[in-house]
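>>> Structure for this input, please:
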Amino acid sequence: QVQLVESGGGLVQAGGSLRLSCAASGRTFSTYAMGWFRQAPGKEREFVAAITWSGVSTYYPDSVKGRFTISRDNAKNTLYLQMNSLKPGDTAVYYCAAGPRGSSYGDRYDYWGQGTQVTVSS
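You can find the predicted model right below:
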């Protein structure tokens with residue numbers, strides 16, 4: 001079992017940057033693919049990024065490609081999301097998730113964090 005805790009959210013102006021972290025408990029973090037998702041009020045959950053267990057492969061939707069970077073440090077049991085050139089449309093609660101393989105589908109992930117709020121002002 002894996003427990004996930006996100007941090008690093010906050011309020012930032014458009015064009016700014018934030019780095020989210022997701023700390024994982026347990027010794028099996030390195031065996032899981034990881035993903036970031038977000039959900040804005042009144043909207044469905046949206047895929048943001050995914051990374052394989054080794055960190056070799058990453059996946060992004062067009063909405064964040066070139067602006068967001070997912071990475072992981074298996075020695076520190078930590079997942080990251082570097083977000084640059086932020087837009088007001090990026091405002092949402094951001095969640096990290098762990099699953100057997102990287103996917104853009106949330107139902108493919110077994111464990112979820114509690115989320116961290118990101119607010120981008122115009």
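>>> burial count for Ser63?
For Ser63, the count of nearby residues is 14 (other Cβ atoms under 10 Å). Backbone N, C-alpha and C define where each C-beta goes, glycine included.
>>> Now do the contacts for it.
Glu46 (Cβ atoms under 8 Å, 6 or more residues apart in numbering).
>>> what residue lies at the spatial centre of this structure?
The centroid of the chain falls nearest to Trp36 when counting by Cα atoms, centre = their mean (2.6 Å).
>>> how close does that residue get to Pro61?
Separation of Trp36 from Pro61 (Cβ to Cβ, to the nearest Å) stands at 11 Å.
>>> hey, what's in contact with both of the two?
Val48.
>>> Just confirm Ile51 contacts Met34, I think it does.
Yes: counting by Cβ atoms under 8 Å, Ile51 touches Met34, with 5.3 Å between them.
>>> higher neighbour count, these two?
The neighbour comparison of Ile51 against Met34 (other Cβ under 10 Å) goes to Met34, with 29 against 23.
>>> did I read that right, the more buried one in a strand?
Yes: assigned with DSSP: H, G, I helix; E, B strand; the rest coil, Met34 falls within a strand.
>>> what pairs with it across the strands?
Ile51, Ala98 (DSSP bridges).
>>> Touching, it and Ala97? I think so.
Yes: in terms of Cβ under 8 Å, Met34 counts as a neighbour of Ala97; the distance is 6.9 Å.
>>> what sits against Ser21?
6-8, 78-80.
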